[in-house]
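*Asks:* Coordinates only, no sequence provided:
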């Protein structure tokens, strides 16, 4: 997400604090070609596929269409994941364009010049423009159960009348499993799961995972804390609720585990006032790198932040909190993480 810290900070009412605004292609599949395991088979003419298409999403909702959907509209994170697996959406919503016109990292490798935008910030979803794209299917991730990410609740009925929706659960599941789920959906949409680029990305992910595991084994004393922030509070990631952080912990990385969030806090984070920002100490701090989140330079103005051992040691690195769930996306993240941690001292916190 972009306007609010990812994974239910919107439910905590933080979207407003971070400046949240309330305010056509012909084929969904790249030249990677159709999957032999797709529920639908290509038509002889090379156009629309023939045969019924069925998919049961992570809400337990079964979508059945007379043909395989080709005109896909997706939330930016979902669009980025599907893109890496070979699917080419015709429309995107959620963070995808920066203020300077560049591509927001949250949309990954998606060519934003070839897809239609129907909303770029939290709460923005142009239903009329969505309808004009004549979509066959909408795809979005879900951090909260049965809640499509970046799909405004007040517009859901209208959106449902235009095209079926597919939800991919992103919390409470292991990182590799989420990635594979997007791969399965991409294959069902006609992408080739064995395309060279897809296979290479999978190998790269496995290699990066192995490298991180090796580093963690060699540096058991290196402690890491993962945070995001607003002007009013510091949010320490509760690792069981974040698939990426949980995965790194499984690989052996020593990650600070804060107190379990209360139900009223919405989960995912322990919320600390800036006066209590020194509750946890670590050799390294990973800070939310999203465009709309509080920057480390801004956080440096907070005395309790500036006094943290990792900050004093200059061991503050980016956390790519909204990385797309694809092998390529997380291979890059872990390669960067290994390079940063490899040079970090592990004696900052005694």
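*Replies:* Noted; the coordinates are in hand. All values reported here derive from a predicted model rather than from experimental measurement.

*Asks:* Quick one: residues contacting residue 186.
*Replies:* With contacts taken as C-beta atoms under 8 Å, 6 or more residues apart in numbering, residue 186 has the following neighbours: 81-82, 85-87, 193. All C-beta atoms are positioned from the backbone trio N, CA, C, and that covers glycine.

*Asks:* May I have the phi/psi pair for it?
*Replies:* Its backbone dihedrals place residue 186 at phi -60, psi -40, with angles given as degrees, to the nearest 10.

*Asks:* what sits against residue 136?
*Replies:* Residue 136 makes contacts with 28, 65, 69-72, 163-164, as judged by C-beta under 8 Å, 6+ apart.

*Asks:* My guess is residue 158 contacts residue 126. True?
*Replies:* No. When contacts are counted by C-beta atoms under 8 Å, residue 158 is not listed as touching residue 126 (11.2 Å).

*Asks:* What's the mean pLDDT across stretch 131-150?
*Replies:* Mean pLDDT, stretch 131-150: 95.

*Asks:* Confirm that residue 83 lies within a helix, as I assumed.
*Replies:* Yes. The assignment for residue 83 is a helix, going by DSSP: H, G, I helix; E, B strand; the rest coil.

*Asks:* buried subset of the contacts of residue 186?
*Replies:* Buried residues within the contacts of residue 186, counting neighbours by 16 or more other C-beta atoms under 10 Å: 81-82, 85-87, 193.

*Asks:* from those, which is closest to residue 98?
*Replies:* The nearest member of the buried ones among the contacts of residue 186 to residue 98, counting by C-beta to C-beta, is residue 81 at 19.9 Å.

*Asks:* show me where pLDDT drops low in the stretch 151-300 of the chain?
*Replies:* For the stretch 151-300 of the chain, the stretches with pLDDT under 70 are 262-266.

*Asks:* returning to that earlier point: include distance to residue 101 when you put the buried ones among the contacts of residue 186 into a markdown table, please.
*Replies:* As requested, the buried ones among the contacts of residue 186 are exported to a markdown table (distance: C-beta to C-beta, whole Å):
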| residue | distance to residue 101 |
| --- | --- |
| 81 | 23 |
| 82 | 23 |
| 85 | 27 |
| 86 | 27 |
| 87 | 25 |
| 193 | 34 |
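
*Asks:* Could you identify the most distant pair in those?
*Replies:* Farthest pair in the buried ones among the contacts of residue 186 (C-beta to C-beta) is 81 and 193. Separation: 13.4 Å.

*Asks:* Residue 174: which of the buried ones among the contacts of residue 186 is nearest?
*Replies:* Here the nearest of those to residue 174, counting by C-beta to C-beta, is residue 81; it sits at 15.3 Å.

*Asks:* ok now do that closest one, which residues does it touch?
*Replies:* Shown in contact with residue 81 (C-beta under 8 Å, 6+ apart): 108, 179, 182, 186, 324-326, 329.

*Asks:* Please repeat the previous calculation with a cut-off of 6 Å.
*Replies:* Contact criterion C-beta atoms under 6 Å, 6 or more residues apart in numbering gives 182, 324-326 as the residues in contact with residue 81.
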